[in-house]
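In: Give me a model of this one.
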Amino acid sequence: MDPAIATALRGSLALLFAVAGAHKARDLGRFRAILAEYRLLPAGMTWPAAILVPAAELATAAALAVSAGSAGPVSAAGLLAMYSAAIGINLARGRRDIDCGCAGPTRRQRLGGWLVVRNGALLAAVIGCLAPTAARPLLWLDAVTIAGAVAGLAALYGAVERVMAIAERT
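Out: Okay, the predicted model is just below:
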């Protein structure tokens with residue numbers, strides 16, 4: 001894989017996990033309540049999990065941003081698999097009316113199958129981060145390309161989230 005593409009992919013995923021972790025860390029009490037609604041953890045474990053999940057997201061973002069190694073992608077894959085399993089279990093239980101906890105404290109987002117599909121697409125991007133990268137130096141034009149790609153992917157992600165939120169209300 002071209003190093004500019006690999007860097008743009010890692011940067012986009014780092015941004016996603018940083019924003020997700022910051023949303024949750026901003027209101028740990030609300031995030032704890034969301035975790036409790038999933039009914040997957042014993043009551044005594046929701047506070048520690050409410051602290052550990054955003055910490056893991058922020059650590060994953062940092063690992064994706066600063067290292068070309070596999071720690072960031074492996075951590076991201078683990079988090080996405082965990083989220084997908086939690087959503088899938090609750091969907092199988094018929095529990096669609098709980099907040100997924102994905103959109104931060106400002107917007108409630110109900111569980112739906114599309115969240116599992118979205119996480120699968122993100123997992124594919126994470127797996128792409130593990131592909132071998134060609135050995136070539138990054139030039140100044142690559143920096144412009146990478147910044148544009150990260151901004152474009154962030155805008156695309158936001159647009160898809162908005163469209164799905166509108167579809168959910170109709």
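
In: Please count neighbours and contacts with C-alpha atoms only from this point.
Out: OK.

In: now the one helix or strand Ala167 maps to, how far from the chain's geometric center?
Out: Take DSSP states H and E as the rule and Ala167 turns out to sit in helix 140-169. The chain centre lies 13 Å from the centre of helix 140-169; the measure is C-alpha atoms, centre = their mean, to the nearest Å.

In: got it, and stretch 134-141?
Out: 27 Å.

In: what is the mean pLDDT for the helix holding Ala167?
Out: If you average the pLDDT over helix 140-169, you get 86.

In: What residues sit buried inside that helix?
Out: By neighbour count on 16 or more other C-alpha atoms under 10 Å, the buried set for helix 140-169 is Asp142, Ile146, Ala147, Ala149, Val150, Ala151, Leu153, Ala154, Glu161.

In: Could you list every helix and strand in contact with that helix?
Out: helix 3-26 (3 or more C-alpha pairs under 8 Å, 6 or more residues apart in numbering; DSSP states H and E).

In: Show me what the helix it packs on is packed up against.
Out: Using 3+ C-alpha pairs under 8 Å, 6+ apart, helix 3-26 sits against helix 46-66, helix 113-128, helix 140-169.

In: got the angle between it and helix 140-169?
Out: Helix 3-26 runs at 50 degrees relative to helix 140-169, counting by axes from the mean of the first three to the mean of the last three C-alpha atoms, to 10 degrees.
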